[in-house]
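Colleague: no FASTA, just this:
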């Protein structure tokens, strides 16, 4: 069973940084590729980043390339999203999710966390 809990969200000024964490309390974390998605008010959920089971492969949305970094620690059952140079348009609820393989399509993710709010504002 995969149980994902996100943390690390908050209020940050434009240009600032945040690191989101997503911990899995189950025993099969390393068997899953992981991803981050976000949903802003009035918008559809969109892909942000994903990472393969061993961390060797990563994918990013064009809107966050060069600013965000996804990583994972399979010993700690945790995936991270380091967000730098934040912009107001990054404001959203951020969700982590688990998939059988690395992908950008939300339909391939079977397990989801509850989300954490990120607000970029001065």
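Modeller: Good, I have the coordinates. Please read these numbers as outputs of a predicted model, since none were measured by experiment. Numbering: from 1, shown residues only.

Colleague: how about stretch 22-35: buried residues?
Modeller: Using 16 or more other Cβ atoms under 10 Å as the test for burial, stretch 22-35 gives 22-24, 29, 32-35. The way it works is simple: take the backbone N, C-alpha and C, and place the C-beta from them, glycine included.

Colleague: Keep only those of these that are in helices.
Modeller: Among the buried residues of stretch 22-35, none falls in helices (DSSP state H).

Colleague: contacting residues for the closest residue to residue 116 other than its chain neighbours?
Modeller: Spatial nearest neighbour of residue 116, chain neighbours left out: residue 9 (3.4 Å); criterion: Cβ to Cβ, 6 or more residues apart in numbering. If a contact means Cβ atoms under 8 Å, 6 or more residues apart in numbering, then residue 9 has 18, 20, 94, 116-118 as its contacts.

Colleague: any idea how far the nearest residue in space to residue 92 that is not next to it in sequence is from residue 6?
Modeller: Distance criterion Cβ to Cβ, 6+ apart; nearest residue to residue 92, sequence neighbours excluded, is residue 38 at 3.8 Å. Between residue 38 and residue 6 the computed distance is 11 Å (Cβ to Cβ, to the nearest Å).
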